[in-house]
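K.L.:
Coordinates for the following, if possible.
(one chain, ligands or ions: 1)
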Amino acid sequence: VQEINIALLGFGNVGQAFADYINRTGASLEFKIKIRAIADSSGGVLLTDDHSLKRALAHKKTGRSLSEFAPAAVITDAHEFIKSLPSAPVRVLVESLPTNLASGQPALGLLNEALAQGTGVVTVDKGPLAHGFEVLQEAARRAGLRLGLSGTTGVSAPEEIAGERVLEIRGVLNGTTNYILTAMQERGVSFDEALRTAQADGIAEPDPGLDVGGWDTVVKALILAKTLMNADTTLADVSRIGIGPETESLIRAARETSRKVRLVGRARIWQGRVRVSVAPKIVTSDSPFYSVAGTSKAALFRTETGREILSFSRSGRDAISETILDDIIKVTQHEG
Ligand SMILES: NC(=O)c1ccc[n+]([C@@H]2O[C@H](COP(=O)([O-])OP(=O)(O)OC[C@H]3O[C@@H](n4cnc5c(N)ncnc54)[C@H](OP(=O)(O)O)[C@@H]3O)[C@@H](O)[C@H]2O)c1
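P.N.:
Next up is the predicted model:
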């Protein structure tokens, strides 16, 4: 069994869920994941054994910060925390900071520093990739590393596509908007009511702007387009229509003709460039997205050989942790 030492930058929902997952399933895994450092907004701590991780996790679950957990040992400067990783010794940094779509910072700078010192990177945070995809890929290439970003796109790029040129990507990439649209369609409720239900069910955030405004889908489609189509598109180039009360008439039209409305992110080649767009679309019963209901997600990849590969998001409570684990393994198997 190969041991892989990792660090968690961000110890909120995702970071804690991953630590729980490793504690629960670790013994059955082919690779032994050792969480050797964790950081929240108060600072980072290096962990010498599994017992201190369990104590830190229990402490965080009471709502307290890591600086209160280890006041004497906490590294309050995030840059210093990154610098301390090689001595831990940590091979892979898993980043799950809150998404900053305005600049990608501070994550973008911190990930760049990690790659420059040879620490592998897995991120589930779309912010740094929306603003620094090329910079991070270049830093990874220089270090002989591969970036793990499967957790940022809602639906991971299918493995079997490797090496083939992708001409078009279409996807239902955001679970929250799909949940709202599904409720509007199946229960005939207004957008506002469907949104309130989604918030009460813990699906939509209290501030749902990034989801319903289509931004989350924009960034996911953009990252897929950059990864698979080599797109040089920027956030500002993406044409974006989200969902709202104005989507109700589209839903009515779809309901009358037994069709469905889905918020579709699309990347395609047009006039020699990759164009990315997001808009609610009516889909017919022969569309692969017709049956993608509720919080489910799916994407269709069309390659130059004419193949169309349909890929679904993972589901279940461990979905994001399994994606992170796969990426950690991929990153470490591609070193050197
Ligand atoms: N939830 C999912 O299933 C899911 C799936 C895919 C991707 N994501 C992405 O994962 C990321 C994290 O989501 P989440 O739900 O885990 O968020 P969260 O619960 O808010 O956790 C964020 C963590 O980052 C820490 N943090 C904030 N600013 C920091 C800074 N400047 N330096 C160091 N640590 C800092 C927070 O510290 P405190 O603990 O001190 O507040 C917290 O531990 C987001 O980018 C999200 O889009 C989430």
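K.L.:
From now on I want contacts and neighbour counts done on CA atoms only, so please keep to that.
P.N.:
Will do.
K.L.:
Which positions in the stretch 201-336 of the chain make contact with the ligand?
P.N.:
Contacts of the stretch 201-336 of the chain with the ligand, taken as C-alpha under 6 Å from any ligand atom, map to Ile320.
K.L.:
One more pass at 8 Å, please.
P.N.:
Within the stretch 201-336 of the chain, the positions near the ligand by C-alpha under 8 Å from any ligand atom are Ala319, Ile320.
K.L.:
all helices of the stretch 201-336 of the chain, in order?
P.N.:
Using DSSP state H, counting those that start in this stretch, the helices of the stretch 201-336 of the chain run over residues 209-212, 215-229, 248-256, 319-333.
K.L.:
Tell me the helices and strands packed up against the first one.
P.N.:
Based on contacts counted as 3 or more C-alpha pairs under 8 Å, 6 or more residues apart in numbering; DSSP states H and E, the elements that helix 209-212 packs against are helix 175-187.
K.L.:
neighbouring contacts of the helix it packs on?
P.N.:
172, 189-191, 194-195, 198, 203-204, 211-212, 243, 248, 251-252, 255, 260-263, 293-297 (C-alpha atoms under 8 Å, 6 or more residues apart in numbering).
K.L.:
hmm, back to that, just the helices of the stretch 201-336 of the chain: most buried one?
P.N.:
Highest mean neighbour count among these (mean count of other C-alpha atoms under 10 Å): helix 215-229, with a mean of 25.
K.L.:
which outside residues touch that one?
P.N.:
Helix 215-229 has contacts (C-alpha under 8 Å, 6+ apart) with 126, 129-130, 133, 152-154, 157, 165-167, 169, 171-174, 210-211, 231-235, 238, 240, 242, 264-267, 274, 276-278.
K.L.:
In PyMOL, how would I select the buried members of those?
P.N.:
Those of the contacts of helix 215-229 that count as buried under 16 or more other C-alpha atoms under 10 Å are selected in PyMOL with:
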select buried, resi 126+129+130+133+152+153+154+157+166+167+169+171+172+173+174+211+231+233+234+238+240+242+264+265+266+267+274+276+277+278
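K.L.:
per-residue confidence at the residue in the stretch 101-250 of the chain positioned nearest to the ligand?
P.N.:
Proximity of the stretch 101-250 of the chain to the ligand (C-alpha to the nearest ligand atom) peaks at Asp125, 3.8 Å away. pLDDT, Asp125: 98.
K.L.:
And it, its phi and psi?
P.N.:
The phi/psi pair for Asp125 (degrees, to the nearest 10) reads phi -100, psi 120.
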